[in-house]
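Visitor: Next comes the sequence, and after it the predicted model I'd like to discuss.
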Amino acid sequence: MLKIYFSGEDVLRTRVAPAADPVWELVLSLHLLRGRGRDPLMATWRRTVARGLRQETAFAQLRLLFALNPPTGYFPDFLTPYASVDGFEAGLEAVRSTPIPLLRRDLAVLAGENPLPSSASALARGEPEVLRALTDSMERYRSVAISPYWGRIQAAVEADRTRRARALLDRGVEGLLSSLRPSMRWDSGVLEVHDYPDSRELHLDGRGLLLVPSFFCARTPVALLDPALPPVLAYPVDRMGGLGSSGAEVGSGPGREALAALLGRTRAAVLAASHDGCTTGEVARRLNISPAAASQHTAVLRNAGLLVSQRDRNTVLHTLTPLGRAVLDA
């Protein structure tokens, strides 16, 4: 179990990442791609990516990236720098600028459990061309495994952020931390991460915690090994049906009138009300319809793949899927 200890100052400084983190998603997807788990929601993605990587002309250049990310166990902290909260390019630049002592330490820990290719020695010395080759391989891998699905990944993370925002507004930061169950438990200033592979304690010491909702995070949340680094905890989100296809599903259309004609005016209004997340009760109040009617309309939209619904205690929060957002914006 991982236990994260919060002071009052840490509670005030805890926040959720502003969007899906492209570097965390890339690294965690590597573990999911090569792991033993067989999540049926990800089966099509795994087959498609594996086939795409075999056809990649620069596949040999991915060898170091794969070696740094074994299917289970430790992976280097430097691969997921805090700077990636500002985007993919910022994250890659931070990887290329990793201090040599940190490279040496992380690779020594990794080598204690896994065989590494000869290029890892040059990486440990901080040779710029090897660091550049590593980030180039991250870009190549991203083009095959992440970019085609980025809209769905973003939508799943945004749906989770909406859920956390509501918990924060309703019950404060402690309500936000309590909403992370069942994989985590908040109790009297301690966030307990269940099923963590090691027994660890992390004292935030006034720095707060950055929570990173992640599509590719497996069942157990992930923290950095080095307690001196800015504290980050990546945790899994609802995958909203997985990655069965890559598409941005709907193109242009004649507008809301056509949408109303297609769905019916009330159902189209329910879809619009869910743009930024909306509970069943809020749908009913905004549209002046009964809660039963609101529940029926959201069920139809959910079954059509336009909404995803998540229960939190006695409320159900509805948010748009990528298809729903594309239909609404057409």
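Guide: Done, it's in.

Visitor: okay, CA-based contacts and neighbour counts for the rest of this
Guide: Will do.

Visitor: Am I right that residue 85 sits in a strand?
Guide: No: if the criterion is DSSP: H, G, I helix; E, B strand; the rest coil, then residue 85 is helix and not within a strand.

Visitor: just checking, it touches residue 24?
Guide: No: the criterion here is Cα atoms under 8 Å, and residue 85 misses it with residue 24 at 9.3 Å.

Visitor: who's more crowded, the two?
Guide: Neighbours were counted for residue 85 and for residue 24 using other Cα atoms under 10 Å; residue 24 has more, 24 against 20.

Visitor: Could you pull up the residues touching the more buried one?
Guide: If you count contacts by Cα atoms under 8 Å, 6 or more residues apart in numbering, residue 24 has them with 80, 84, 214, 234.

Visitor: so it is in which element?
Guide: Using DSSP states H and E, residue 24 falls within helix 22-34.

Visitor: and what of residue 131?
Guide: helix 128-145.

Visitor: Which positions within that helix qualify as buried?
Guide: Using 16 or more other Cα atoms under 10 Å as the test for burial, helix 128-145 gives 130-142, 144-145.

Visitor: how close does residue 262 get to residue 294?
Guide: Distance, residue 262 to residue 294, by Cα to Cα, to the nearest Å: 18 Å.

Visitor: who's more crowded, the two?
Guide: Taking other Cα under 10 Å, residue 262 and residue 294 do not tie; residue 294 has more neighbours (22 against 11).

Visitor: Low-confidence stretches in the stretch 201-330 of the chain?
Guide: For the stretch 201-330 of the chain, residues meeting the criterion pLDDT under 70 lie at 240-242, 244-261, 330.

Visitor: Please enumerate the strands of it.
Guide: With DSSP state E, counting those that start in this stretch as the criterion, the stretch 201-330 of the chain has strands at 210-214, 222-223, 232-236, 278-279, 307-312, 315-320.

Visitor: right, so the ones you listed: which one is the most enclosed?
Guide: strand 210-214 (a mean of 25; mean count of other Cα atoms under 10 Å).

Visitor: Following the chain past the helix holding residue 131, name the next helix or strand.
Guide: Once the chain leaves helix 128-145, the next helix or strand it forms, by DSSP H and E, is helix 150-178.

Visitor: Tell me the helices and strands packed up against that next one.
Guide: helix 8-13, strand 184-187, strand 210-214, strand 315-320, helix 322-329 (3 or more Cα pairs under 8 Å, 6 or more residues apart in numbering; DSSP states H and E).

Visitor: which stretch among those comes nearest residue 119?
Guide: strand 210-214 (29.6 Å; Cα to Cα).

Visitor: does residue 220 really touch residue 234, like I thought?
Guide: No: checked against Cα under 8 Å, the pair residue 220 and residue 234 is beyond contact range at 9.0 Å.
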